[in-house]
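S.K.: Structure for the following, please:
(2 chains)
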Amino acid sequence: MIDKLTFLRPSKERLNLFIFFGALFFGIGIYDLISNSFFSENITSFLPEILSFFTPLIFGFVGLHLIRIEYSGNKILDSLNKNINSNWFNSILTLLLIFLLIIGIPVILNWAFFDANFFGTSKEDCTNSGACWVFINVWFERLIYGLYPNDQIWRVNVAFIILILTVGVAFFVNQKIKKYIIIFLLFVFPFILISLLSGGSFGLEKIATNEWGGLSLTFIISIFAIIFCFPVGMFLALGRRSSFPVIRYSSIGFIEFWRGVPLITVLFMASVMFPMFLPDGTFLDKLIRVIIAITLFEAAYMAEVIRGGLQALPRGQYDAGKSLGMSYWKLHLLVILPQALKLIIPGIANTFLALVKDTPLILVVGLLELVGMIDMAKTNPKWLGFAAEGYVFAGLVFWIICYAMSRYSISLEKKYKTDR
Amino acid sequence: MSETIIQMKEVNKWFGDFQVLKDINLNVAEKQKIVVCGPSGSGKSTLIRCINRLEEHQKGQIIVDGNELSDKTKDIEKIRAEVGMVFQQFNLFPHLSILDNCTLAPIWVKKTPKKQAEELAMKQLEQVQIADQAMKYPGQLSGGQQQRAALARALCMEPKIMLFDEPTSALDPEMIKEVLDAMVNLAKAGMTMIVVTHEMGFAKEVADEVVFMDEGMIVEKAKTKEFFDNPKSERTKLFLSQIL
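M.R.: The predicted structure is shown next:
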């Protein structure tokens, strides 16, 4: 009896036969799944219910078992077996994943594309069952520019075109010009951005910051917070390692305070409590207060990331720098920080990503960036019930921004890898 | 003998409760070569690290080239710039090429123009025979090459005194010779040198005096020939019998 069953064990000798039956079983499993979930037709309805439910899995499992032939000599088959079909447990995981994709992808595609409406001017244009992208379409300008007056939007565009152009140019020029472009981006561009957007000079109409909003506000806050939080974090990190007790303990106190409170509280404090401490008559714009709050908050995290990098350097590097006659600042700027920062590029990227994704919280103080604008749009009486489209759109936009930053950080890591 | 350049008087140092240096008295004259030896933990490294104040002594007096080292010393960087040091672990800056390692301090500390600094660096790298490696990064070099680069880097500051803290202890045996050769050349060129090392062959060839330390004290200090031929203390005899 046992002898007769050995022909069932997958073997190299009858490779084609096993591949044929394996593919057949696997195909039946997939066919059953598809007919079940998309055509409500159950080809195994004659079986007991529970068995019928698991048919795709059982057939797929048998199919994958039949083609699990070691060293078959067929490259594709070997790599399949090695990577996704190495044992029965992996084959089940593979099947479940395939089933999930088969069931999930069409649903998502249908909602987002095939059953969706793209063009129109009002809610009534959304006749299909899928997503109503008309919502995004109609509100697009608001989502990008907030409540910025329509006839002044060109100012926002000009500012960001300058940004994109300079960044684009920076990729194609040599090291020397690049240095100047970076200096421009860090020290000149922020002022251009602010004076263009807020106006009040050069014959530009003044536009209060509470009219700013949307994605452009997300960028403004992120850019400023990133530019400022880095040096502040660096000083805090160095301060925490200082040998002067006053500097050390005030750095520790600062870091632990800002790391200990939730950002939402910080924002409330910045917009509600902070003005009370200012002398009468002085006024600090809400946006500036919020940027300062986010900067200090993220700087505390940045400080700890940088401190991690500083601690990773061997003491010999300090000895070598000192023995060459370098002062504290020369030692740190020329020897220690360049190495430490290189080590912590992933950590820095992490903090910056978190910062960008924290910006929607400014909603609580009445500043509406991208997510805030979506929140506002979805409560518009004419457009009730399109929150899903809005949040999917916001999620996608944030994902694109963050993914780009993440790729950039990885390319930096590769660029500065000089050891070995 | 010529002028005294390093003077140590009754120098004491503690790490917490542990006394690492006990009443060290040592004078070094210009162009003198001194080898410091002794068992590990005897305070040799701490002794020379005190000379450029990488370690602070708590009692006594250290005078380097006319400047006393203390908390009040203002331009400690200036003194350090005159005292070159080579470390056991090379301590090259891994993010810079060998050439940049050599020019960094001259450019930023001594304000030498870049071109001049690079010329000097190439000259020093040629001296230690690794000019062809100038554009590589430290991680791409062998241990012996790295240590010679570190020597060149220190020499680029044109120091008056060179300190060596076990420069060959971290090297494979076949690389020790190339570093020692570079040091011998430097000695012949008339540099003032204090070398902590276990290489007794080097000591015999180069040193004017040998200092033997144990438990934070200078046990014996003698002219090289006398130190090896006729050591006075029992402790020195035991050490020499173990190491030779």
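
S.K.: Hmm, A:G325 is touching B:G84, no?
M.R.: No - contact criterion C-beta atoms under 8 Å: A:G325 and B:G84 do not qualify, at 9.5 Å. Using the backbone N, CA and C atoms, a C-beta is placed for each residue, glycine as well.

S.K.: Please enumerate the shared neighbours of the two.
M.R.: By C-beta atoms under 8 Å, 6 or more residues apart in numbering or on different chains, A:G325 and B:G84 have these common neighbours: B:M157.

S.K.: what are the phi and psi values for B:E10?
M.R.: Main-chain torsions, B:E10, degrees, to the nearest 10: phi 50, psi 40.

S.K.: So what's the residue count around the closest residue to it other than its chain neighbours?
M.R.: Nearest residue to B:E10 in three dimensions, chain neighbours excluded: B:G60, at 4.1 Å (C-beta to C-beta, 6 or more residues apart in numbering or on different chains). B:G60: 16 surrounding residues under other C-beta atoms under 10 Å in any protein chain shown.

S.K.: The one 10 residues further on now?
M.R.: When neighbours are defined as other C-beta under 10 Å, B:S70 has 12 of them.

S.K.: Show the pLDDT at it.
M.R.: B:S70 carries a pLDDT value of 86.

S.K.: Now do the helices in chain B.
M.R.: Secondary structure of chain B by DSSP state H: the helices cover B:44-51, B:76-82, B:98-108, B:114-127, B:143-155, B:173-188, B:200-206, B:224-229, B:234-243.

S.K.: who touches residue 138 in this structure?
M.R.: Answering for chain A, as no chain was given. So A:V138 contacts A:G120, A:T121, A:S122, A:W383 (C-beta under 8 Å, 6+ apart).

S.K.: Actually, chain B is the one I wanted.
M.R.: A:D419, B:F90, B:L92, B:F93, B:P94, B:L96, B:I98, B:N101, B:Q146, B:A149.

S.K.: what do you get for B:I6?
M.R.: So B:I6 contacts B:L26, B:N27, B:V28, B:I51, B:I62, B:I63, B:V64, B:D65, B:I161, B:T192, B:I194 (C-beta under 8 Å, 6+ apart).

S.K.: any idea how far the closest residue to the first one other than its chain neighbours is from A:L284?
M.R.: Yep, that's B:L26 we're talking about. Using C-beta to C-beta, 6+ apart and skipping the chain neighbours, the partner closest in space to B:L26 is B:M8 (4.4 Å). B:M8 is 59 Å from A:L284, where distance means C-beta to C-beta, to the nearest Å.

S.K.: of the two, who's got more company?
M.R.: B:M8 (23 against 12).

S.K.: So that one sits against B:K59, correct?
M.R.: No - contact criterion C-beta under 8 Å: B:M8 and B:K59 do not qualify, at 11.5 Å.

S.K.: what about chain B, any weak spots by pLDDT?
M.R.: Within chain B, the segments meeting pLDDT under 70 span B:1-2.

S.K.: How about the residues of it by chain A?
M.R.: B:49, B:52, B:54, B:77-78, B:80-85, B:87, B:89-95, B:104-105, B:108-110, B:137-140, B:150, B:153-154, B:157, B:163 (C-beta under 8 Å from any C-beta of the partner chain).

S.K.: hmm, back to that, please indicate which of the contacts of A:V138 are buried?
M.R.: Burial by neighbour count, 16 or more other C-beta atoms under 10 Å in any protein chain shown: within these this picks out A:G120, A:W383.

S.K.: quick revisit: and of the contacts of B:I6, the nearest to chain A?
M.R.: Nearest to chain A, judged by C-beta to the nearest C-beta, of the contacts of B:I6 is B:I51 at 10.3 Å.
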